[in-house]
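Trainee: Here's a sequence, model it:
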Amino acid sequence: MQRYIEKFLRYLEIEKNYSKHTLVNYHIDLNEFMKFIDAMPIEKVNYLTLRKYLAAMKEKSLQNRSLARKLASLRSFFKFLCREGLLKENPTVSLATLKLEKKLPVFLTEIEINSLLEAPSQDDASGLRDRAIMETLYSTGMRVSELAGLNIENIDFISGVVKVLGKGKKERLLPIGDKAILAIRAYLKKRPKESQNLFLNKNYGRLTDRGVRLIINKYIKIVSSKERVSPHTLRHSFATHLLNRGADLRSVQELLGHANLSTTQIYTHLTTQRLKDVYDKAHPRA
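Mentor: Have a look, this model is predicted:
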C-alpha cells in the first residue's frame with residue numbers, strides 16, 4: 001500500500017498542484033489507515049473495513065470535522081486507484097458523508113478593525129512591520145500563508161495591485177489600498193536590512209505563517225474580547241465589510257480566491273444590518 005500512497009501523492013502534487021500542507025495531511029491520514037489495516041492487501045479492503053476504521057477513529061474522540069477530512073482522504077485515494085486500474089471496485093462508494101455543523105466566521109466591526117490596525121507602535125521597524133502586515137491582510141483579504149510568501153516585487157506600488165500565490169499554486173491579482181501601501185512603504189524605509197522578502201523576522205529571514213499569526217494574536221488580545229478571534233478574522237472582516245457596503249458576491253469570491261461560490265456565501269449570513277437598513281427605507285410599514 002505504501003507504493004500506492006506515494007504514487008497518489010505524486011499525482012496530487014504534480015497534476016493537481018496541491019499545497020504542501022494538504023499533501024502532508026493526506027500522507028498522515030493514509031499512513032494512519034495503512035497501520036490500521038496492518039498486513040491486509042489493499043484489494044481486500046471493503047465497506048466493512050472502512051466502517052471499522054472510522055469507528056476506531058471515533059473512539060479516539062475525534063471531532064466530526066477531523067473524521068470528515070480522513071474520509072475525504074480515503075475517497076480521493078480509492079477513486080485514484082480505480083481510475084488508474086489498480087483496483088476494480090471503490091469501497092468508499094457506499095459510505096455516507098458525515099454531516100458537519102456550519103460555524104459562522106467571527107468578524108470584527110469597522111471600529112474594532114481600526115483599533116486593531118492602530119495598535120502597533122509606529123516608533124520602530126517592528127511596529128511598522130506589524131501595522132503593514134495587518135493593513136495588507138485587511139486591505140486585500142489574502143490568507144496569512146499568502147502574505148507570508150510575498151516578495152517586494154509582487155507589489156505594484158503605482159497601480160495598487162499585489163500578486164499572490166494561493167491554494168493549488170494558483171496566482172491571482174488583488175487590489176491593495178492606499179493605506180496598506182503607505183504602511184508597507186513606511187516599514188521598508190525603516191527596516192535595517194535589504195531583502196527580496198517583504199516581511200522579515202527578527203533574524204532578517206522570511207517571516208513564516210506561524211510568525212505572522214503570533215504577531216496578530218498579540219494585538220488581537222489587546223483590542224478584542226470576542227471569542228474565537230484569530231488572524232483569519234481579518235479575512236472574514238474584509239469579506240463581510242465589502243458585502244455590507246454593496247459588493248457583489250462573485251467579486252468577493254474572486255478576491256478571496258474561493259473555488260466555489262458556496263464557500264463565499266457563508267458571509268451573507270454574518271450580519272443582516274444592511275438588509276435591515278434597506279428594509280427600513282423601502283417598506284411602507286417598516
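Trainee: May I ask which helix or strand encompasses the residue lying closest to Gly177 once chain neighbours are set aside?
Mentor: Nearest non-adjacent residue to Gly177, counting by Cβ to Cβ, 6 or more residues apart in numbering: Ser139, 4.3 Å away. No exception for glycine: its C-beta is placed from N, CA and C like everyone else's. Taking DSSP states H and E as the criterion, Ser139 maps to helix 125-140.
Trainee: mind checking how far the helix or strand that comes right after that helix is from the chain centre?
Mentor: Using DSSP H and E, the next helix or strand after helix 125-140 towards the C-terminus is helix 144-148. Put simply, helix 144-148 sits 9 Å off its chain's centre (Cα atoms, centre = their mean, to the nearest Å).
Trainee: Name the residues that touch helix 144-148?
Mentor: With Cβ atoms under 8 Å, 6 or more residues apart in numbering as the test, helix 144-148 has contacts from 21, 133, 136-137, 164-166, 199, 206-209, 211-213, 216, 231-232.
Trainee: go with 10 Å
Mentor: With Cβ atoms under 10 Å, 6 or more residues apart in numbering as the test, helix 144-148 has contacts from 19, 21, 133-134, 136-137, 140, 142, 154, 162-167, 172, 174, 197-199, 206-213, 216, 230-232, 234-235, 257.
Trainee: Determine the set of other helices and strands touching whichever helix or strand comes after that helix.
Mentor: The C-terminal neighbour of helix 144-148 among helices and strands, as given by DSSP H and E, is strand 155-156. If you count contacts as 3 or more Cβ pairs under 10 Å, 6 or more residues apart in numbering; DSSP states H and E, strand 155-156 packs onto strand 161-165, helix 178-190.
Trainee: will you turn these into JSON lines that also has mean pLDDT?
Mentor: Listed next are those as JSON lines, based on pLDDT from 0 to 100:
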{"stretch": "strand 161-165", "mean pLDDT": "94"}
{"stretch": "helix 178-190", "mean pLDDT": "96"}
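Trainee: looking at the ones you listed, which is closest to Ile220?
Mentor: For the helices and strands packed on strand 155-156, distance to Ile220 was read as Cβ to Cβ. The smallest value, 17.7 Å, belongs to helix 178-190.
Trainee: which strands and helices sit next to the closest one?
Mentor: Counting contacts by 3+ Cβ pairs under 10 Å, 6+ apart, helix 178-190 is packed against helix 110-117, helix 125-140, strand 155-156, strand 161-165.
Trainee: between those, which one is nearest to Leu54?
Mentor: strand 161-165 (34.7 Å).
Trainee: Surely Val162 is in contact with Leu137?
Mentor: No. At 11.3 Å, Val162 does not count as touching Leu137 under the criterion of Cβ atoms under 10 Å.
Trainee: Between the two, which contacts overlap?
Mentor: In contact with both Val162 and Leu137: 146-147, 180, using Cβ under 10 Å, 6+ apart.
Trainee: Make JSON lines from these and add neighbour count to it.
Mentor: Compiled in JSON lines, these are given as follows (neighbours: other Cβ atoms under 10 Å):
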{"residue": "Glu146", "neighbour count": "24"}
{"residue": "Leu147", "neighbour count": "22"}
{"residue": "Ala180", "neighbour count": "24"}
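Trainee: re earlier: the helices and strands packed on strand 155-156 into a markdown table, with extra columns for distance to Val278?
Mentor: As requested, those are exported to a markdown table (distance: least, Cβ to Cβ, whole Å):
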| stretch | distance to Val278 |
| --- | --- |
| strand 161-165 | 32 |
| helix 178-190 | 28 |
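Trainee: so which of the ones you listed gets nearest Gln122?
Mentor: helix 178-190 (7.7 Å).
Trainee: which residues touch the closest one?
Mentor: Residues contacting helix 178-190 (Cβ under 10 Å, 6+ apart): 117, 120, 122-140, 150, 152, 155-158, 160, 162, 176-177, 194-195, 198-200.
Trainee: nearest residue to Val45 other than its sequence neighbours?
Mentor: Pro91 (5.4 Å).
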